[in-house]
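K.L.:
Generate a structure from the sequence data that follows.
(chains A, B, C and D)
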There are 2 protein chains.
Amino acid sequence: MPRAATTTDAFNAVAEPKRRMIIDALARAGGALGVGAIVAALGLPQPTVSKHLGVLREVGLVSVERAGQHRVYRLCPEELKAMYDWLKQYEQMWTHQLDRIKQRAERMQRDAASRPHRTT
Amino acid sequence: MPRAATTTDAFNAVAEPKRRMIIDALARAGGALGVGAIVAALGLPQPTVSKHLGVLREVGLVSVERAGQHRVYRLCPEELKAMYDWLKQYEQMWTHQLDRIKQRAERMQRDAASRPHRTT
DNA sequence: CGATCATATGCCTTTATGGGAATATGTCAA
DNA sequence: TTGACATATTCCCATAAAGGCATATGATCG
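P.N.:
Residues are numbered from 1 along each chain as shown, chains lettered A, B, ... in the order given. The predicted structure is shown next:
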């Protein structure tokens, strides 16, 4: 069985770095850009960008709107939120881990302060 | 050019749903499980689980530790944090969007209240 | 209408994937 | 040592991916 289609869900779509770049570019521009602007911003061939936009659209990460002969792609954050929610579930794992490291550092410092100085 | 390898980064590794299930199972168990336990928890064939664990390990999402004839896989949250950070960047997009919807609803309600009733 | 610009789509090739079944490696117990 | 057990590693297959390039569609202007 081959790998799941890139258009299966946001996870698969976003696995491709160029698609993440497109998302980043859209966000930097306030959420929406025309294809030409994306092509210019990323320096990628136009067909490449169009195909990636197609994938992003199919999974609902962006929407399109015709504007004359241009097409404006707009970021749809809901799908990103779904991924975010999955990851947020684990947030405490690294914050707790960092807490533990910090606490250990503080404890070591306290111990060092309350102990007679040693110079060697 | 084919798709980027699944072992390229956490994004690619996590695109496979079964690998996400493994991560979920590890988290539910407090962060670590033996292979057998994962196999039992997910009902997947053992070779399948081993291969997926191999991918997760290669991208640093889990670490292994030998324990006799068992092997304990432990979740490494740092790689998840990297993905989380990328997504967190967009957090305001959906919170703002919800704010806007809410504000619009309130405004409409205010307007309706301060306007003479109309019955048609 | 014809030309031009903006974008999408098709074709081709190379390559890694995930599943399944069988088997190899490695570890413990008697 | 031999054998049970736990896990990893093959091998094979069908499939879809992404890039490059050419071309099709579609809108606008003169």
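
K.L.:
Would you pull up how far the helix or strand harbouring A:Leu56 lies from the middle of the chain?
P.N.:
Assignment of secondary structure by DSSP states H and E places A:Leu56 within helix A:46-58. Centre-to-centre, helix A:46-58 and its host chain are 17 Å apart (Cα atoms, centre = their mean, to the nearest Å).

K.L.:
Next up, identify which helix or strand A:Asp24 is on.
P.N.:
Following DSSP H and E, the helix or strand that holds A:Asp24 is helix A:17-28.

K.L.:
check whether the helix or strand that that helix is followed by contacts DNA strand C.
P.N.:
Using DSSP H and E, the helix or strand that follows helix A:17-28 towards the C-terminus is strand A:32-34. Yes: judged by Cβ under 7 Å from any atom of the strand, strand A:32-34 comes into contact with DNA strand C at A:Gly34. Every C-beta, even on glycine, is put in place using the N, C-alpha and C of the backbone.

K.L.:
Give me the buried stretch members for strand A:32-34, please.
P.N.:
A:33-34 (16 or more other Cβ atoms under 10 Å in any protein chain shown).

K.L.:
List the residues that contact the residue nearest in space to the middle of chain A.
P.N.:
Taking Cα atoms, centre = their mean, the centroid of chain A lies closest to A:Arg20, which sits 6.5 Å from it. Under the criterion of Cβ atoms under 8 Å, 6 or more residues apart in numbering or on different chains, the neighbours of A:Arg20 are A:14, B:11, B:86.

K.L.:
Helices - which of those residues land there?
P.N.:
Judged by DSSP state H, the contacts of A:Arg20 include A:14, B:11, B:86 as members of helices.

K.L.:
so which of those residues also contact DNA strand D?
P.N.:
Among the ones in helices among the contacts of A:Arg20, proximity to DNA strand D is found for none (Cβ under 7 Å from any atom of the strand).

K.L.:
Chain neighbours aside, what residue packs nearest to A:Ala10?
P.N.:
Once flanking residues are discounted, A:Ala10 sits nearest to A:Glu79: 4.4 Å by Cβ to Cβ, 6 or more residues apart in numbering or on different chains.

K.L.:
cool, A:Pro17 as well?
P.N.:
Residue nearest to A:Pro17 in three dimensions, not counting chain neighbours: B:Ala4, with 7.2 Å by Cβ to Cβ, 6+ apart.

K.L.:
Pull up the residues of chain A that are close to DNA strand D.
P.N.:
Residues of chain A lying close to DNA strand D (Cβ under 7 Å from any atom of the strand) are A:2-3, A:5-7, A:16, A:18, A:45, A:47-48, A:51-52, A:55, A:66, A:68-69.

K.L.:
closest to B:Gly34 among those?
P.N.:
Lowest distance from B:Gly34 to those (Cβ to Cβ) belongs to A:Arg3, with 27.2 Å.

K.L.:
I'd guessed A:Ser50 sits against A:Val35; true?
P.N.:
Yes: A:Ser50 lies in contact with A:Val35 (Cβ atoms under 8 Å); the separation is 6.4 Å.
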